[in-house]
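K.L.:
Give me coordinates for this.
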Amino acid sequence: MMTTLASSGGIIVLALLVVVVLLALYAVSIYNGLVKLRNTFKNAFAQIDVQLKRRYDLIPNLVETAKGYLGHEHNTLVKVTEARNIAIAAARAAAANPADAKAMQTLGAAESGLAGALSRLMVVSEQYPDLKASAVMMSLTEELTSTENKVAFSRQNYNDSVMVYNTNREQFPAVIFANIFGFTEAALFEITNLPEREAPKVSFASP
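P.N.:
Numbering: from 1, shown residues only. As a prediction, this is how the structure comes out:
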């Protein structure tokens, strides 16, 4: 009788150990999957960061070129420079941790502000024929437009990666382990001001 009880107890203990091991393996699998997805959208943001830096580098040259023609539009040029500086700071914070939802939202707002400032500069520039005819200005705006397109493409890739990560994170039972392991929801990189979503479209062809 004692032998039978001991044998039954051993089977129960063994069964419990098997269950624990399987749960541990499942948790490890979920953890590794979330790490992979998080690294994927972080890498996608790195591609955005490259294009943002390229655009930030172009803007001072754009402002300096326009300054020689827009003598009475000093405030417009200042706004562009200020918006650029705000966007640079926001981009650095987001690049340090793309998984930080607040940092990504701040970057989206900063980029919206920069897009608006650039759009206003382009509208003003249209009123100055000599500036429109400037080869330097035409070259800079072409580069800026090309970079804007690359930013938009990279942003879409990043947002797609974030959607996959968030979807997997929110599914049951992964959401339980995600909360335990500290996998928080990631934020999309969105331009918050709807009228300024599109890159500035400017024609600097000679009249």
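
K.L.:
Low-confidence ranges, the protein, go.
P.N.:
1-10, 192-207 (pLDDT under 70).

K.L.:
Helices of that one, start to end?
P.N.:
Counting by DSSP state H, the chain has helices at residues 2-67, 74-96, 101-125, 129-132, 135-170, 174-181.

K.L.:
Now mean neighbour count and distance to residue 189 too, for those, in a markdown table please.
P.N.:
For the C-beta atoms, the positions are set from N, CA and C on the backbone; glycine is no exception. Below are the helices of the chain laid out as a markdown table (neighbours: other Cβ atoms under 10 Å; distance: least, Cβ to Cβ, whole Å):
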| stretch | mean neighbour count | distance to residue 189 |
| --- | --- | --- |
| helix 2-67 | 14 | 7 |
| helix 74-96 | 17 | 8 |
| helix 101-125 | 20 | 6 |
| helix 129-132 | 14 | 32 |
| helix 135-170 | 17 | 5 |
| helix 174-181 | 15 | 21 |
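
K.L.:
TSV for those helices, including distance to residue 190?
P.N.:
TSV is the format used below for the helices of the chain (distance: least, Cβ to Cβ, whole Å):
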stretch	distance to residue 190
helix 2-67	12
helix 74-96	12
helix 101-125	5
helix 129-132	32
helix 135-170	8
helix 174-181	23
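
K.L.:
Which of those sits closest to residue 188?
P.N.:
Residue 188 lies closest to helix 135-170 among these, at 4.8 Å (Cβ to Cβ).

K.L.:
got the angle between that closest one and helix 174-181?
P.N.:
Relative orientation of helix 135-170 and helix 174-181, computed by axes from the mean of the first three to the mean of the last three Cα atoms, to 10 degrees: 110 degrees.

K.L.:
Identify whichever of the helices of the chain lies nearest to residue 187.
P.N.:
The nearest among the helices of the chain, by Cβ to Cβ, is helix 101-125 at 3.7 Å.
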